[in-house]
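K.L.:
The following block contains a protein sequence and its predicted model.
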Amino acid sequence: MTRTEFLQQRRPVWHEFEALVERKQRLGARRLTADDVQQFSRILRELGQDLAVIQSRDWGPSLASYVNNLALRGHNALYAAPPTRGSAIFEFLAVGFPRLFRRELAYIGVSALLFCGPMGVTWALVQSNPGYAQRIYPPEMLEGYDQMYARPDEGAEALDEEHAGDEGASSSDPYDPSFGEQRAAMAGFYVQHNVGIALQCFARGLLLGIGTVYTLIYNGIAIGGVAGYLLARGHGESFLSFVVSHGAFELTAIVIAGGAGLMLGDALLHPRGLSRSDSLRRRGLDAVKIAGGAAVMLFVAALIEAFWSPADIDANIKYAAGATLWTCVGLYLFLSGRDA
Amino acid sequence: MASAEFPISLDLRIETPENARLTCQVAGPTWRGLAYLIDSFFRFAIFVLGLMLALLLSLSFAGISSGLVLLLLFVLEWGYFAGCEYFWQGRTPGKWACGLRVVHESGEPLSWWGAVLRNLLRVADTLPLMLVFPDQSALLAVTPIYGPALISMLLTTRLQRLGDLAAGTIVIHEVKPTLDPPPIILNKIEPLPRGELSGFRPSRRTLAVIDRFLARRPAVTHRRGHLMAAPLARELAEKLSHGAELSQYAKFPMAYLAQVHVTFTPRTEPIEPKDRSRNMAASGAQGAARQPSLARLSPARSAATQAIAEPEFLEFAEAVPSATSVAPSEVLDFLEVVDSPTPRDDGPPSAGGGTR
């Protein structure tokens, strides 16, 4: 058959297929009729054959590229990612994430060392000599921390009066109408701040893990410094009761995200027999799942930090709640999803 | 299009589940950068909208509104790209505007974790200006320069940035398929008389080249078309042992090529019978004045032309002078050749025109 005859036969089919694709794009897949769908897949198969005929008979690059592009559009319209069921999310959080955590415990352990080591050292140093805190933080920030954690009955009333009009002064009276508002504002802030830092920590792992190491050490020193300073200044109880509840989720999540970042870097450094890109793809998929789980944990931490931690409740109750949360996190990470 | 012949090209071969080998064109940093700019404007617009709504909301709920604004900021930064690309089969508004789409390297549609991974690693792709200019304005710290992304795109064969490398994805152009207008001449031509031919048979490649050339004939002028066709026509004429009448065939190379094509391509429909006596009379009546419009042809010639002409053919003939710079008389020359391809004793075909 000649080119002309071929075109005469096939051109109407191609135009019909174009119309089908355009209709699918306009209406969405659900509104197509069954006949449309059958016709669509039938012509898509025929297009591959048409392309082979055109290429083997060498009937021209423009005709070949037309059929090629038409088939490509049909391919992209027909195939979409499989839809996720709602239960898949729950399954991942309940089973998938803890199992991944336990499988990659080595990386998370290293990340914990990188985080807790500097944190502990800085804490001890600063607590024994508060002057060291000046080297880590600018003085205004230290003053701010002082004000934040000063208890009203410890003689910080003067400060409270000075800063009564401050936006940052949190109202501790639950019956104040603005109590909930400020908590919500802080929740948003914590989400944007903390989750952002953790995800950056994960992503920087791609640069051979150097960024992750830096972020972990930096944050460890920062937190350790604050803790030591506040303990040395005598605000220990308010600080610890504030931190202990959400720290269960937040600190572990930062460590986990750091571990995921280290996984990425290690995939590049030690491909273990695969090409570096293959190694990156395999470990990368696991690493991003772990980072996703860490992000969810940080969401929870942000909610707790905004609504529960600043509450003006007796410190012992807060300690008890904090201990419970730590236990819960430990059980979740180490026991959830185990094969029975 | 074969990647074996051209190792550096923007084409990517994928094999679909229908066993078709399709070629897609990979998109580079310029188009992707433009799509990113459009997306950034879009995100900025959404953020401004959110701010305005939050201001309205803050009249009654002060704190919740600021919390929601910060939440919106977080979603726009970390969730916008991943969400759009997953729920919209690999496109974001910016990519849709530029005709791009994200797919996996094998042509598969983008999966959820692929979308999340390639967009979370955007942080690794942007160079934090903060590290370079620590004391400058905060805006500088927020502006991303995709330094590592550009380097990575230069170094990989498929123009992937770091996030793409980790997720195994590529960004392809979606080209709108356009079909050339249909060629119309070849049905109307008589093949060469078999008795005159030697045993030579042109290759299928040659026939395909002729086919393609004739299909694009409206793109060049009449004279130029003949010039382009002359070497091949001469060679074919020699090989087909038309050397003796070479001068006649060499005069209208395009027509000769058309005849060769018709001769050696198997046909499935019979050729329309032509009245040779009418043709002889027509050529004899060459002396009649040459009219620019087909409608004003001399009756004999117009009859001969109409014997083979259909509406599209006429349309083509009318269209050619306007499409190129061919004079109408040259069109008639070409038509004359198509009309009466067999060699005549009374001189070269359409010699009555005398314009050659």
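P.N.:
Arrived safely, thanks for sending. These figures come from a predicted structure and were not determined experimentally.
K.L.:
only C-alpha atoms for contact and neighbour calcs from this point on.
P.N.:
Noted.
K.L.:
Flag every residue of the stretch 51-200 of chain A that's near chain B.
P.N.:
When proximity is defined as CA under 8 Å from any CA of the partner chain, the stretch 51-200 of chain A approaches chain B at A:51-52, A:57-60, A:62-63, A:65-73, A:75-76, A:79-82, A:178, A:180-189, A:191-192, A:196, A:199-200.
K.L.:
Tell me how many other residues surround residue 35.
P.N.:
I went with chain A, as the question did not name one. Using other CA atoms under 10 Å in any protein chain shown, A:Asp35 has 8 other residues around it.
K.L.:
Hmm, no, I was thinking of chain B.
P.N.:
Neighbour tally, B:Ala35, other CA under 10 Å: 21.
K.L.:
Helix or strand: which one has it?
P.N.:
helix B:29-57 (DSSP states H and E).
K.L.:
before we move on, the earlier item: and the residues of the stretch 51-200 of chain A next to chain B, which are buried?
P.N.:
When burial is judged by neighbour count using 16 or more other CA atoms under 10 Å in any protein chain shown, the buried members of these are A:51-52, A:58-60, A:63, A:65-73, A:75-76, A:80, A:178, A:180-189, A:191-192, A:196, A:199-200.
K.L.:
if you look at those residues, which of them are in helices?
P.N.:
Residues of those located in helices (DSSP state H): A:51-52, A:63, A:65-73, A:75-76, A:178, A:180-189, A:196, A:199-200.
K.L.:
Show the contacting residues for the nearest residue to A:Val288 once chain neighbours are set aside.
P.N.:
Excluding its sequence neighbours, the residue lying closest to A:Val288 (CA to CA, 6 or more residues apart in numbering or on different chains) is B:Leu117, at 5.8 Å. If a contact means CA atoms under 8 Å, 6 or more residues apart in numbering or on different chains, then B:Leu117 has A:284-285, A:288, B:163, B:166-167 as its contacts.
K.L.:
how near is the residue of the stretch 201-350 of chain B found nearest chain A to B:His261?
P.N.:
Residue of the stretch 201-350 of chain B nearest chain A, by CA to the nearest CA: B:Ala208 (6.0 Å). Remark: distance between B:Ala208 and B:His261 (CA to CA, to the nearest Å) = 9 Å.
K.L.:
so what's the most centrally placed residue in chain A up against?
P.N.:
What sits nearest the mean C-alpha location of chain A, by CA atoms, centre = their mean, is A:Ala295, with 3.6 Å. The contact partners of A:Ala295, taken as CA under 8 Å, 6+ apart, are A:195, A:198-199, A:253, A:257.
K.L.:
from those, which is closest to B:Pro193?
P.N.:
The shortest gap between B:Pro193 and any of those belongs to A:Leu199, at 78.4 Å (CA to CA).
K.L.:
Flag every buried residue along stretch A:121-133.
P.N.:
A:121-127, A:130, A:132-133.
K.L.:
Which of those sits closest to chain B?
P.N.:
A:Ala133 (21.9 Å).
K.L.:
what helix or strand does the closest one sit in?
P.N.:
Using DSSP H and E, A:Ala133 falls in helix A:133-136.
K.L.:
and what of B:Val171?
P.N.:
strand B:169-173.
K.L.:
Name the residue in B:Ala208 and B:His261 with the higher neighbour count.
P.N.:
Neighbours per residue (other CA under 10 Å) separate B:Ala208 from B:His261, with B:His261 holding more: 24 against 19.
K.L.:
how about the nearest residue to the more buried one, chain neighbours excluded?
P.N.:
B:Leu207 is the one closest to B:His261 (CA to CA, 6+ apart), at 5.8 Å.
K.L.:
So which elements touch the helix or strand the one you found falls within?
P.N.:
Following DSSP H and E, one finds B:Leu207 within helix B:204-215. If contacts are counted by 3 or more CA pairs under 8 Å, 6 or more residues apart in numbering or on different chains; DSSP states H and E, helix B:204-215 sits against helix A:34-57, helix B:253-264.
K.L.:
hey, which of these is tucked in deepest?
P.N.:
The highest mean neighbour count among the helices and strands packed on helix B:204-215, using mean count of other CA atoms under 10 Å in any protein chain shown, belongs to helix B:253-264: a mean of 23.
K.L.:
Mind giving me the packing neighbours of it?
P.N.:
So helix B:253-264, by 3+ CA pairs under 8 Å, 6+ apart, packs with helix B:204-215, helix B:222-239, helix B:328-339.
K.L.:
Give me the contact list for stretch A:265-284.
P.N.:
A:205-210, A:263-264, B:117, B:165-168.
K.L.:
Repeat the analysis, applying 6 Å as the threshold.
P.N.:
Residues outside stretch A:265-284 that contact it (CA atoms under 6 Å, 6 or more residues apart in numbering or on different chains) are A:205-206, A:208-209, A:264, B:166-167.
K.L.:
what about B:Cys24, how many neighbours?
P.N.:
B:Cys24: 22 neighbours (other CA under 10 Å).
K.L.:
Validate this expectation: it resides in a strand.
P.N.:
Yes - per DSSP: H, G, I helix; E, B strand; the rest coil, B:Cys24 lies within a strand segment.
K.L.:
The helix or strand where A:Ile223 lies: what's the following helix or strand?
P.N.:
According to DSSP H and E, A:Ile223 maps onto helix A:210-232. Following helix A:210-232 in sequence order, the next helix or strand is helix A:236-269 (DSSP H and E).
K.L.:
Name the next helix or strand downstream of that next one, please.
P.N.:
Helix A:236-269 is succeeded, C-terminally, by helix A:276-307 (DSSP H and E).
K.L.:
I'd like the next helix or strand past that following helix.
P.N.:
helix A:315-335.
K.L.:
Test my guess that A:Ser245 contacts A:Gly322.
P.N.:
Yes - with contact defined as CA atoms under 6 Å, A:Ser245 counts as touching A:Gly322 (4.0 Å).
K.L.:
any idea how far A:Leu268 is from A:Arg103?
P.N.:
19 Å.
K.L.:
anything in the helix holding A:Ile223 near chain B?
P.N.:
No - applying CA under 6 Å from any CA of the partner chain, one finds helix A:210-232 separated from chain B by no less than 9.1 Å.
K.L.:
now that helix against helix A:236-269, angle please.
P.N.:
Between the axes of helix A:210-232 and helix A:236-269, defined by axes from the mean of the first three to the mean of the last three CA atoms, to 10 degrees, the angle is 170 degrees.
K.L.:
State the mean pLDDT of helix A:210-232.
P.N.:
Mean pLDDT, helix A:210-232: 87.
K.L.:
and what of stretch A:19-31?
P.N.:
Per-residue scores along stretch A:19-31 average to 85.
K.L.:
rewinding a little: now the residue nearest to A:Val288: which helix or strand?
P.N.:
With DSSP H and E as criterion, B:Leu117 is part of helix B:112-120.
K.L.:
Thank you kindly, that will do.
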